[in-house]
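Peer 1: Prediction below, plus the sequence it came from.
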Amino acid sequence: MSTSPVLGFNKSDSDRRKRYEALVDELYQDVFRYGYWLTRNKSIAEDLVQETFLRAWRSFDSLQNEKAAKAWLFTILRRENARLYERYRPELIDIDDVSVADEDTAEPDHKQKQVELHQAIMRLDKDYRDPLLLQVIGGFSGKEIADILDLNNNTVMTRLFRARGKLKNILAPGTEPETADDDLADRITD
Amino acid sequence: MDDLEFRTRAFSNPLDEQEDFKAAADASPERRQLLRELNELEQNLQLTLTSVDIPAGLQRKLKQHARPASASRSRRFFALAASLVVAAGLALNLFLQPGLSAQDLALHDELVEHLHQEAPNYDSSGDISWSQVESILAAAGTSLKTSDELASMHMIFARLCGVGGSRSAHLVTRGEHGPVSIIFIRTTPVSRNVELRDERFQGRIIPVNEGNMALIGEKNEPLGRYEKLLRDNIEWSI
């Protein structure tokens, strides 16, 4: 399980605030995107992100390792989602709830592909979707994902393998064989 | 590296930059083709997962957490305003609505305070989807039966809130004269309808089966149709 990279040595309030604001500037969009895909609900995601950064600020006496801040924020968000929402909300598989940001430049074909991929991601089991979101949105390594999800590295890499295989199968049925590859974990390195 | 290991690593991380993986990819046309397909999928994944509209003003709100002075000033302001509202509301309610319990009045006062605090956050620029509304309702332990009339309502806000000390659902729809708040509060039903006493808002808290429903709009907003529509369609979960 990842731990807070925050230690308690003091710096000035102004410095502390500037560093927090820089953290917001750098990471708030990725944290919101992750919250959105985790909950599939913009309002809940916004509430979660607010709660996440509020908790981060309260623990922000000093950031010992700013490179670990992203994993720390994602972990807080996951924990808050579990605490506040997950147990009160059924798992929603609403494949029609497709949110693709409006981009004037997007071609209709391209937009349609995005919609199909969005729906395919929604159809993935949570066990497969979770590490994929962390890898693609968060840019985390297998080891970092393993820490965030409290799994071992081989399990994470196997789930990533299966997630992409299932996505390919959903998008183009029959092109990828369903793999029974429990033994593959040993062959995967981060 | 054999084909099985290459395939496994390619699917786990198509962007793998390790030398042994890159060398293995160059070893056969089939491997290069597989990697091209996976890289294309990866680009589309990246595009899809990051194509999410970020709420306007979120960055500013997050930075506000680090401004304790202004936050505490506004908290003090709201606390003072809320105290005045509470005192005025309590006095008026006791005078004008005899028969209400202390719990009923406390819920009324909490609701008024919440409405004044939340009103600036309504965003009337675009509708939110019914699936978002349904998620919030589910999290608050309630749901609405689907009907055409309900589906025609334009929802602009859906959040969980803490009114009544429980996880309540606060929805806002576009009314004729401004936003109309609909709040489902899963607490002990009030003794009878509680009319809102406030300078700006009008509305009522209505006991509905196992909980309460509050309907609030601007002073001249007709709320009757919402009451009937929602009362007919609300379902509380256990």
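Peer 2: Arrived safely.
Peer 1: least trustworthy helix or strand in chain B by mean pLDDT?
Peer 2: Every helix and strand in chain B was compared by mean pLDDT, DSSP states H and E; the lowest is helix B:68-96, with a mean of 55.
Peer 1: Wait, a strand at A:Gly165?
Peer 2: No - using DSSP: H, G, I helix; E, B strand; the rest coil, the assignment for A:Gly165 is helix, not a strand.
Peer 1: how close does the spatially closest residue to B:Ile183 that is not a sequence neighbour get to chain A?
Peer 2: Spatial nearest neighbour of B:Ile183, chain neighbours left out: B:Ala214 (4.2 Å); criterion: CB to CB, 6 or more residues apart in numbering or on different chains. For every residue, glycine as well, the C-beta is placed using N, CA and C. Computed as CB to the nearest CB, to the nearest Å, the B:Ala214 to chain A distance reads 19 Å.
Peer 1: ok, residues contacting the helix or strand where B:Ala214 lies?
Peer 2: According to DSSP states H and E, B:Ala214 maps onto strand B:211-218. Contact with strand B:211-218 is made by B:107, B:111, B:115, B:141-142, B:163-164, B:175, B:177-187, B:189-190, B:196, B:200-206, B:223, B:226-227, B:230-231, B:234, B:236, as judged by CB atoms under 8 Å, 6 or more residues apart in numbering or on different chains.
Peer 1: Where strands are concerned, which of those count?
Peer 2: B:142, B:179-185, B:201-206, B:234, B:236 (DSSP state E).
Peer 1: Just give me the closest of these to chain A.
Peer 2: B:Thr142 (11.4 Å; CB to the nearest CB).
Peer 1: Quick one, grab the pLDDT at that closest one.
Peer 2: Model confidence at B:Thr142, given as pLDDT, is 89.
Peer 1: Could you find the closest non-adjacent residue to it?
Peer 2: In space, B:Thr142 is closest to B:Phe184, 4.8 Å off (CB to CB, 6+ apart).
Peer 1: can you check B:Met153 too?
Peer 2: According to CB to CB, 6+ apart, the nearest residue to B:Met153 is B:Thr173 (4.8 Å).
Peer 1: pLDDT weak spots in the chain?
Peer 2: Using chain A here. Residues of chain A that meet the criterion pLDDT under 70 lie in A:1-11, A:62-64, A:85-108, A:175-190.
Peer 1: looking at chain B here, not the other one
Peer 2: For chain B (pLDDT under 70), the answer is B:68-99, B:124, B:238.
Peer 1: B:Phe6 against B:Ala24, yeah?
Peer 2: Yes - at 4.8 Å, B:Phe6 and B:Ala24 qualify as touching, with contact defined as CB atoms under 8 Å.
Peer 1: measure A:Tyr28 to A:Gln114 for me?
Peer 2: 23 Å (CB to CB, to the nearest Å).
Peer 1: Which stretches in chain A count as helices?
Peer 2: Ranges of helices within chain A are A:13-39, A:42-58, A:69-84, A:108-123, A:126-136, A:142-149, A:153-171, based on DSSP state H.
Peer 1: just so I know, which of those helices lies nearest B:Val52?
Peer 2: Among the helices of chain A, the nearest to B:Val52 by CB to CB is helix A:13-39 (5.0 Å).
Peer 1: What is the distance between the closest one and the centre of its chain?
Peer 2: Centre-to-centre, helix A:13-39 and its host chain are 14 Å apart (CA atoms, centre = their mean, to the nearest Å).
Peer 1: again with stretch B:106-115
Peer 2: Between the centre of stretch B:106-115 and the centre of its chain there are 18 Å (CA atoms, centre = their mean).
Peer 1: Does stretch B:32-42 reach chain A?
Peer 2: Yes - using CB under 8 Å from any CB of the partner chain, stretch B:32-42 reaches chain A at B:Glu37, B:Leu38, B:Leu41, B:Glu42.
Peer 1: In which helix or strand does the residue nearest the centre of chain B reside?
Peer 2: The residue lying closest to the centre of chain B (CA atoms, centre = their mean) is B:Arg159, at 1.7 Å. Assessed by DSSP H and E, B:Arg159 sits inside strand B:155-161.
Peer 1: Quick one: residues in contact with that strand.
Peer 2: With CB under 8 Å, 6+ apart, strand B:155-161 has contacts from A:43-44, A:47, B:114, B:118, B:121-124, B:126-128, B:130, B:132-133, B:135-136, B:139-140, B:167-174, B:179, B:183.
Peer 1: How about stretch A:48-59?
Peer 2: With contacts defined as CB under 8 Å, 6+ apart, stretch A:48-59 is touched by A:4, A:6, A:20, A:23-24, A:28, A:31-32, A:35, A:38-39, A:72-73, A:76-77, A:80-81, A:84-85, B:58, B:61-62, B:65-66.
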